[in-house]
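Colleague: what's the 3D shape of this:
(chains A and B)
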Amino acid sequence: MSGARSLMVALEKEGVELVFGLPGGANLPIYDELYKSNIRHILVRHEQSAAHMADGFGRVSRRPGVCFATSGPGATNIVTGIATAQADSAPMIAITGQVPSKMIGRDAFQESDIIGITNPIVKYAFQPMDAAEIPEVVKKAFYISSTGRPGPVLIDIPKDVQQNEAEMQFPNEVKIRGYHPWVDPDIREIERAIEMLLSSERPIILAGGGVIISGAFAELQSIAELLMIPVVTTFKGKGSFPENHPLSLGPIGMHGHAEANKMMVEADCVLAAGSRFSDRSVGTFEEFEKRLKIIHMDVDPAEIGKNQTTTVAVVGDIKASLRIMVKMLVQKAIKRGDNNPWLKKVNETKEYFRENLKLHPHPLGAAKVLRKLREVLPHQSIVTTEVGQHQMWASLFFDVIQPGTFFSSTGLGTMGWGFPAAIGAKAAKPSVPVLDIAGEGSFNMTENSLAVSVLDNLPVIVLLMNNFSLGMVAQWQRTFYDKRMIGIDLKNCPDYVKIAEAYGAQGIRAESIDEIGKAVQTALKSDVATVIDVPIDPQEDVLPFVAPGTPLKDMILPS
Amino acid sequence: MWSIISVLVENKPGVLFKVTNLFRSRNYNIDSISVGITENPEFSRMTITTSADEKQLNQIIKQLDKMIDSVEVKHLEEKRQHGNNEPCQCFQMPSS
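Modeller: This next block holds a predicted model:
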């Protein structure tokens, strides 16, 4: 059996049904075997989008999405996609063709050292030099990518290794001596965590992306309800807890909810579940750990103490750790009532900001647009975002009701991620509507994926909050650079309704809140992709705002 | 503060690159490094000296431990930084 054939067999054994990719000289033997296999191929228009689609697929299905690219520029084009997946701990397998092994190191045509290039941004990388290694390499790649803290794994296969014949053995399981993803949480630490939560006056739960990755929604909600602790999330953890729940305060951070930041600052003890305390979430590290007793739960031991000094650390899968905690609480019949001054304060603060936070007066202000979207979009729909102002408005004004339905490029902040990731999400879960909350600057970067959405029958909806500019940069220039505006004006070019139509998708311009509602309903009934172009006010800022390098308490509120 | 870290790694191409790149990408400095194959040819041992504070050192060890190609990470010794004229005997490996 050839190396390429064994790759297909190994992928099929891993349950792979579709791959996203683009062929080229160095991966043609792989494509020739793909032709003969039952795996569906989704042809992208740029390899970066293949990686984002695999990423979106992986986050939604919680098993690695697979993308293919050829050597050289094909491989370097997926670098951004790999870095995005790594920053957000998303499972992904990227398979690249490489020049023949005898040509490696001779600066051959379309040769790039993709193993070297991607070293700091992959969880692991393989370069099999013998066809017989491929089955084991694939097995190991899926094992590494999907276990522990998930991440992208690269397999770079020289063309001759794809072509060579070998006796193949397909292992059913693999062991890697330097890799131990399963850690049992320490029961005593969980007991200490409970004691600390019970003895503190102003406890808060900070739910991060780890809750979503491990699917620990029910466990998180049980703990919050048993102990009556308010829940804030990181931006990546948005939607790990229903945002219409009475205990929910929403995301903290640079563009967190005012009530969430305010209560985070006043808390005396935090249970951080699956959060890495990113600078965008905590503002300043010193300020954070000075005030707080921190209970840190994470599957990755290297996260403990990386950004914050912790009082109690629980290393292990978040779902497993929280489940043990729930069991202990139930066994000891620990339940707290809601009649305490802290919870009263939390509710008052929440109510205050809900009523008094000034919203942008424009008829198509972001809050109005996104609240209308929430009203018409079914709760089980999957929502992705691009990167920019619209993303932060989504954080502020779009409530995620069903946990685990909201995804964004939160760590790397990759413009152009949301649309291809939405297509990948639709491929993973065709039964639910998928919508990308987008800005035009970001959508512009990967809009050629409209061809994929239309031709491969993966209809998604793009709600384009179009302010004809790179809005977040404009906001920073207005705020920090004395209104010296440069490099932000996109001048209403191109016309996105026509762009959609040019690809055979549906383009709708919606110029009022009512029209937005109707357009989304039309899109939900449609079986082709829809781009809804909403002209918003280029002057609107994202507020509240915590300036970079400042503590959460110095949050700037709308005036 | 000077520390000596000993890392047992898989003996294959690219592992030294990964270890040194780990230091580079997290902005830590390597003061010296020596790498040699062990009695068992499947493994190499890297002995790294680095000047880092306790928090950094903790993070270096955890990140090295997280590397899939590292099999064992040991923190051998640490010494307070001496004056410039001090001889380097403080870095000698303890006899095992």
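
Colleague: Go ahead and produce PDB holding the CA coordinates of the helix or strand A:G58 falls within.
Modeller: Taking DSSP states H and E as the criterion, A:G58 maps to helix A:47-61. Written as PDB, here are the backbone C-alpha positions of helix A:47-61 (Å, rounded to 0.1, in the frame of the first residue of the first chain):
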ATOM      1  CA  GLU A  47      -5.500  27.700   2.300                       C
ATOM      2  CA  GLN A  48      -5.900  30.000   5.300                       C
ATOM      3  CA  SER A  49      -9.600  29.500   5.000                       C
ATOM      4  CA  ALA A  50      -9.100  25.700   4.900                       C
ATOM      5  CA  ALA A  51      -7.400  25.900   8.300                       C
ATOM      6  CA  HIS A  52     -10.100  28.200   9.700                       C
ATOM      7  CA  MET A  53     -12.800  25.800   8.500                       C
ATOM      8  CA  ALA A  54     -11.100  22.800  10.100                       C
ATOM      9  CA  ASP A  55     -10.800  24.900  13.300                       C
ATOM     10  CA  GLY A  56     -14.500  25.800  13.200                       C
ATOM     11  CA  PHE A  57     -15.400  22.200  12.500                       C
ATOM     12  CA  GLY A  58     -13.100  21.100  15.400                       C
ATOM     13  CA  ARG A  59     -14.500  23.500  18.000                       C
ATOM     14  CA  VAL A  60     -18.100  22.600  17.200                       C
ATOM     15  CA  SER A  61     -17.700  18.800  16.900                       C
END
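
Colleague: Quick check: A:M472 touching A:Q389?
Modeller: Yes: contact criterion Cβ atoms under 8 Å: A:M472 and A:Q389 qualify, at 4.8 Å. All C-beta atoms are positioned from the backbone trio N, CA, C, and that covers glycine.

Colleague: Give me the common contacts of those two.
Modeller: A:V542 (Cβ atoms under 8 Å, 6 or more residues apart in numbering or on different chains).

Colleague: between those two, which one's more packed in?
Modeller: A count of neighbours by other Cβ atoms under 10 Å in any protein chain shown puts A:Q389 above the other of A:M472 and A:Q389, at 27 against 23.

Colleague: who's in contact with the more buried one?
Modeller: Applying Cβ under 8 Å, 6+ apart, the residues near A:Q389 are A:A366, A:G439, A:M465, A:N467, A:G471, A:M472, A:Q475, A:E540, A:D541, A:V542.

Colleague: Closest to A:I95 out of those?
Modeller: The closest of these to A:I95 turns out to be A:G439 (Cβ to Cβ; 31.6 Å).

Colleague: which one is the closest residue to chain B within the stretch 251-400 of chain A nearest to, not counting chain neighbours?
Modeller: Nearest to chain B in the stretch 251-400 of chain A, going by Cβ to the nearest Cβ, is A:A302, at a distance of 3.9 Å. Using Cβ to Cβ, 6 or more residues apart in numbering or on different chains and skipping residues adjacent in sequence, the residue nearest A:A302 is B:K62, 3.9 Å away.

Colleague: for stretch B:21-32, which positions count as buried?
Modeller: If you call a residue buried by 16 or more other Cβ atoms under 10 Å in any protein chain shown, then stretch B:21-32 has these buried ones: B:L22, B:F23, B:Y28.

Colleague: Looking at those residues, spot the one nearest A:T479.
Modeller: Nearest member of the buried residues of stretch B:21-32 to A:T479, counting by Cβ to Cβ, is B:Y28, at 34.2 Å.

Colleague: Mind checking the pLDDT average for the helix holding A:G58?
Modeller: Helix A:47-61 comes out with an average pLDDT of 98.

Colleague: so what does it touch, helix or strand wise?
Modeller: Counting contacts by 3 or more Cβ pairs under 8 Å, 6 or more residues apart in numbering or on different chains; DSSP states H and E, helix A:47-61 packs against strand A:18-21, strand A:65-69, helix A:73-77, helix A:79-87, strand A:92-98, strand A:406-407, helix A:418-428, helix A:440-446.

Colleague: any idea of the angle it forms with strand A:65-69?
Modeller: 170 degrees (axes from the mean of the first three to the mean of the last three Cα atoms, to 10 degrees).

Colleague: Let me know the angle separating helix A:47-61 from strand A:92-98.
Modeller: 150 degrees.

Colleague: just the helices in the stretch 301-450 of chain A please.
Modeller: A:318-331, A:341-356, A:366-376, A:389-397, A:418-428, A:440-446, A:450-455 (DSSP state H, counting those that start in this stretch).

Colleague: typo on my end, it should be chain B
Modeller: Ranges of helices in chain B, per DSSP state H, are B:15-25, B:54-66.

Colleague: SS state for the residue nearest to A:Q127 when sequence neighbours are not counted?
Modeller: Distance criterion Cβ to Cβ, 6+ apart; nearest residue to A:Q127, sequence neighbours excluded, is A:D156 at 4.6 Å. Secondary structure, DSSP: H, G, I helix; E, B strand; the rest coil: A:D156 is strand.

Colleague: show me the residues around the residue of chain B at minimum distance from chain A that make contact.
Modeller: Residue nearest to chain A within chain B (Cβ to the nearest Cβ): B:K62, separated by 3.9 Å. B:K62 is in contact with A:P301, A:A302, A:I304, A:G305, A:K306, counting by Cβ under 8 Å, 6+ apart.

Colleague: between those residues, which is closest to A:I295?
Modeller: A:I304 (10.9 Å).

Colleague: Report how many residues lie close to the closest one.
Modeller: A:I304: 21 neighbours (other Cβ under 10 Å).

Colleague: Is the closest residue to it other than its chain neighbours bridged to anything, and to what?
Modeller: Nearest non-adjacent residue to A:I304, counting by Cβ to Cβ, 6+ apart: A:A313, 4.5 Å away. Note on A:A313: beta-bridge partners A:H296, judged by DSSP bridges.
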